[in-house]
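Undergrad: No sequence on hand, only this structure:
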């Protein structure tokens, strides 16, 4: 089974350590992982800005880079959603794209659904607040959204419960948006900041020492606020916890 | 023209009030959660509502004509208005024929949409909005900021000031019971002296030819029963096929709107009162183009519960007036952009695409997808602005050149750490106004991977 590692463009540039943690988790499972060097961006920032028609080249490039793998795994729910939900228009039911679309996974989803990992050999004796980033949460359905009346499940909580010592705190608003929202964070900067602050404060007042989540974009936005305002909370990507880094 | 970012920034600037607004609406959302979770069949009801509405919209001509036939048989006069102007003219003609000088109104966002009040007022007819929230904003000469809770942006002290000025209540007395009683006493007088009542319509039943209005205060009943002339204005999407379909919607509506199991009054109007007249005006006003649109037709399935506003993290923190369109929040953003893209071009971007609205919507309208699609349509219409389209096209081009992108990334990561802080956090750095930038690592993951660091893991 061959895995293609998909790293969001901004993570490649700004968060190499988180990317390394992602790779480490997959390698620990003795998986054959490859990182295709020609990859760049999935095109989400452009598409969400109204410029989806400009990303056809990126979509084609993505499929070309990743079509040979049995699974495509990425440390993001947001970019995975872009590939799954918004590339269709460029491929006209093309079987190669359809294969890519059905074999791409956010890493926790992959560990939970495909690898069915029972235990992570790491300790993390801290109180943790889980930020459910919207695309992972509501589009990839990593957990039951609070709006729906269906039986509750959270793949992320299931995964984190397998880490020794980790204690999840209860938040007042479990799945409210942090206000990152791609270019929203600059086009509606004041509002975005207010939303981010509210999320951070919910985690802090709930007693979390660490906030974690699957999307570095949301976390980068909130980390920027935490650092600016010296909030007593540390922000870590979920793969850093699972890799024991 | 709507300018959501600017208006939202103003609303956010008053941190205390913004949080008060956010919490008030989140409280309603939580009540809605409790109510919806008390029904095991909730998700099934939502699916049924979506199916009934979608079916009805696909045969709208048939059901509207059936409704007209059955309503006429019950002694109700049905009028058709293609737009706001026609609607207002019909209302005025009916009022003028009866020499009406005062009209009491209840439960109608449609008349807001048609700007009926100023139209009638310039023709010498006094219009009294009788629902408490509506009355408050009317006295303040403001539009409603929410479709179910029109005065949710106001605190009781604001109401106290308004009532002191207009109704002569004691200055500074903001006791809600006292203020409500004052409004009630003043409105009683209006109900007794008005010669006509106008109500909105929640549902029009094709099978029976009657209309249903759901309210908590009972003002629609007063307005429809005391004066001899009752006019009911409805958008053409309000029709449902059968009486039994109604129950699906009444079970969803109040629970979604406020968390109540049902509104205090669910009033069925199926004939004029004795010796009186009843008229129904069916209004298009740019609704039919939705029927022809694959991307946006579901927007007509809306039952106006306001749940998408209550759940929207943007709405809660920017207030209804920030949208500058008659209906705010996610549903208003899609309706407004479809009707007039140039006027409302900021509204589809007043959204983080979090998807919560789509999940709470009792009619399962694909709101977040619609807002995403609007953004693409704005581009087709050249309404995004050159700054955005050029930079996005440049970014897309750069991203199809992996080596060049790596080089640009490397240059940025090398230069930024060498710059003085004041230069990085300049006025053009919108991100950096409130947020620190992430630290710039020396090497990208790609560089580390190429160097074989990954092999040692």
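TA: Structure's in. What do you need? Because the structure is predicted, anything quoted here is derived from the model rather than measured.
Undergrad: From here on, just use CA atoms for contacts and neighbour counts.
TA: Noted.
Undergrad: quick one: furthest residue from the center of chain A?
TA: Relative to the centre of chain A, and counting by CA atoms, centre = their mean, the farthest-placed residue is residue A:92 at 27.2 Å.
Undergrad: Quick check, pLDDT for it.
TA: Residue A:92 is assigned 91 on the pLDDT scale.
Undergrad: Give the buried residues for the helix or strand harbouring residue B:92.
TA: Per DSSP states H and E: residue B:92 is located in helix B:84-97. Judged by neighbour count using 16 or more other CA atoms under 10 Å in any protein chain shown, the buried positions of helix B:84-97 are B:84, B:86-88, B:90-92, B:94-95.
Undergrad: still on that earlier bit, distance check, the residue farthest from the centre of chain A against residue B:439.
TA: Distance, residue A:92 to residue B:439, using CA to CA, to the nearest Å: 41 Å.
Undergrad: Distance from the helix holding residue B:92 to the middle of the chain?
TA: Relative to the mean C-alpha coordinate of its chain, helix B:84-97 is positioned 25 Å out (CA atoms, centre = their mean, to the nearest Å).
Undergrad: now that helix: mean pLDDT?
TA: Mean pLDDT, helix B:84-97: 98.
Undergrad: Skip the chain neighbours and tell me the closest residue to residue 160.
TA: In the absence of a named chain, this looks at chain A. Closest residue in space to residue A:160, ignoring its immediate chain neighbours: residue A:166 at 7.2 Å, by CA to CA, 6 or more residues apart in numbering or on different chains.
Undergrad: my bad, chain B
TA: residue B:174 is the one closest to residue B:160 (CA to CA, 6+ apart), at 5.0 Å.
Undergrad: Kindly provide the distance from the spatially most central residue of chain A to chain B.
TA: By CA atoms, centre = their mean, chain A has its centre lying nearest to residue A:76, at 2.6 Å. According to CA to the nearest CA, to the nearest Å, residue A:76 stands 15 Å off from chain B.
Undergrad: what residues are up against that residue?
TA: A:8, A:106-107, A:136, A:214-216 (CA atoms under 8 Å, 6 or more residues apart in numbering or on different chains).
Undergrad: Now do the SS call for it.
TA: When classified by DSSP: H, G, I helix; E, B strand; the rest coil, residue A:76 comes out as coil.
Undergrad: Who are the contact partners of the closest residue in space to it that isn't next to it in sequence?
TA: Spatial nearest neighbour of residue A:76, excluding adjacent residues (CA to CA, 6+ apart): residue A:215 at 4.9 Å. For residue A:215, the residues meeting the contact criterion (CA under 8 Å, 6+ apart) are A:75-78, A:133, A:237.
Undergrad: Off-centre distance for stretch A:187-198?
TA: With CA atoms, centre = their mean, you get 20 Å for stretch A:187-198.
Undergrad: Buried ones in that stretch, by neighbour count?
TA: Buried, per 16+ other CA under 10 Å, within stretch A:187-198: A:187-198.
Undergrad: Can you lay out those residues as TSV showing secondary structure, distance to chain B and pLDDT?
TA: Shown next, in TSV, are these (DSSP: H, G, I helix; E, B strand; the rest coil; distance: CA to the nearest CA, whole Å; pLDDT from 0 to 100):
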residue	secondary structure	distance to chain B	pLDDT
A:187	helix	7	95
A:188	coil	5	97
A:189	helix	7	97
A:190	helix	6	97
A:191	helix	6	98
A:192	helix	9	98
A:193	helix	7	98
A:194	helix	7	98
A:195	helix	7	98
A:196	helix	10	98
A:197	helix	10	98
A:198	helix	9	98
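Undergrad: and of those residues, the nearest to residue A:59?
TA: Among those, residue A:187 lies closest to residue A:59 (CA to CA), at 25.2 Å.
Undergrad: so which strand or helix has the closest residue to the closest one other than its chain neighbours?
TA: Nearest residue to residue A:187, sequence neighbours excluded (CA to CA, 6+ apart): residue B:5, at 6.9 Å. Under the criterion DSSP H and E, the helix or strand holding residue B:5 is helix B:4-13.
Undergrad: if we can go back for a sec, pipe the buried residues of helix B:84-97 into CSV and attach distance to residue B:330 per row.
TA: Listed next are those as CSV, based on distance: CA to CA, whole Å:
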residue, distance to residue B:330
B:84, 23
B:86, 28
B:87, 26
B:88, 27
B:90, 31
B:91, 30
B:92, 33
B:94, 35
B:95, 35
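Undergrad: on that earlier part again, next up, phi/psi of the residue nearest to the centre of chain A, please.
TA: The phi and psi values for residue A:76, taken as degrees, to the nearest 10, are phi -160, psi 140.
Undergrad: Next one: it from residue B:328, what distance?
TA: Taken as CA to CA, the span from residue A:76 to residue B:328 is 32 Å.
Undergrad: tell me the secondary structure for residue B:150?
TA: Going by three-state DSSP: residue B:150 is coil.
Undergrad: Once you drop chain neighbours, what's closest to it?
TA: Using CA to CA, 6+ apart, the nearest residue to residue B:150 is residue B:144, at 4.3 Å.
Undergrad: Lovely, talk soon.
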